[in-house]
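**Student:** my questions concern the predicted model and sequence given below.
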Amino acid sequence: MNKELDKLDSSEKELILKAPLLVCLLIAGADNEIDKKEVRGAVELSRKKRKQGNAALTELFEEVSTDFEDKLKILLESLPHKPEVRTKAISDELARLNRVLPKLGKGFSSDYYKALRYIAEKIAESSGGILGIKSVAEEEESLMTLPMIKNPTAAG
């Protein structure tokens, strides 16, 4: 496991590894329906993401992308089935990152935050709108910026 995560306890490490999955489910389920296209988009995105970024982030995404679709399905089963309750549960869990990210190096936490935002944006776009042209559903758009997670490099 990468050195950045060695600074964290086991529940914090688990959250860091689980957050990309949570983001996928948050955005994909925002419109009350998680469709196969969004899941496929998330799986493909995780494969691409593990090949990019700084070495520590690449290592992390490599671990996250292993059996990604299975992890998504297992996580989805553990979450509430009602969309609004599921969205709240995921948002609350992602908000816990606000206590974890400051414990990590600024470069890593910033890159990780940007990666989560990128995932959210791409998942929202993956379901497409009219004719599948990068349209984002209203429900997804309100969550796409991950307002529950503070930018770790922002002052304040």
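**Tutor:** Arrived safely. For clarity, every value in this text was computed on a predicted model and none was experimentally measured. Numbering: from 1, shown residues only.
**Student:** use CA for all of it now, contacts and neighbours both
**Tutor:** OK.
**Student:** residue ranges in this structure under the pLDDT threshold?
**Tutor:** 1, 35-53, 127-139, 155-156 (pLDDT under 70).
**Student:** buried residues, the longest helix seen in it. List them.
**Tutor:** Once the chain is assigned using DSSP state H, the helix that runs over the most residues is helix 106-126. The neighbour-count check on helix 106-126 (16 or more other CA atoms under 10 Å) flags 108-113, 115-126 as buried.
**Student:** now do the phi/psi pair for residue 31.
**Tutor:** phi -90, psi 20 (degrees, to the nearest 10).
**Student:** hang on, it packs against residue 140?
**Tutor:** Yes - taking contacts as CA atoms under 8 Å, residue 31 lies within contact range of residue 140: 6.6 Å.
**Student:** among the two, which residue is more densely surrounded?
**Tutor:** residue 140 (21 against 17; other CA atoms under 10 Å).
**Student:** CA atoms only: put whichever strand or helix holds the more buried one into CSV for me.
**Tutor:** Per DSSP states H and E: residue 140 is located in helix 138-144. Extracted in CSV, the C-alpha atoms of helix 138-144 (Å, rounded to 0.1, in the frame of the first residue of the first chain):
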residue,chain,number,x,y,z
GLU,A,138,-30.4,17.9,-12.9
GLU,A,139,-30.1,15.5,-10.0
GLU,A,140,-26.6,14.6,-10.9
GLU,A,141,-25.5,18.1,-11.6
SER,A,142,-26.3,19.2,-8.0
LEU,A,143,-24.0,16.5,-6.6
MET,A,144,-21.3,16.5,-9.4
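**Student:** so what touches stretch 141-153?
**Tutor:** Outside of stretch 141-153, the residues within contact range by CA atoms under 8 Å, 6 or more residues apart in numbering are 26-27, 30, 91-92, 94-95, 97-98, 101-102, 106, 109-110, 113, 117, 120-121, 124.
**Student:** how much space between residue 27 and residue 154?
**Tutor:** 23 Å (CA to CA, to the nearest Å).
**Student:** look at the two and report which has more neighbours.
**Tutor:** Per other CA under 10 Å, whichever of residue 27 and residue 154 has more neighbours is residue 27, with 29 against 7.
**Student:** which residues touch the closest residue to that one other than its chain neighbours?
**Tutor:** Nearest residue to residue 27 in three dimensions, chain neighbours excluded: residue 140, at 5.5 Å (CA to CA, 6 or more residues apart in numbering). Applying CA under 8 Å, 6+ apart, we find residue 140 in contact with 27-28, 30-31, 124.
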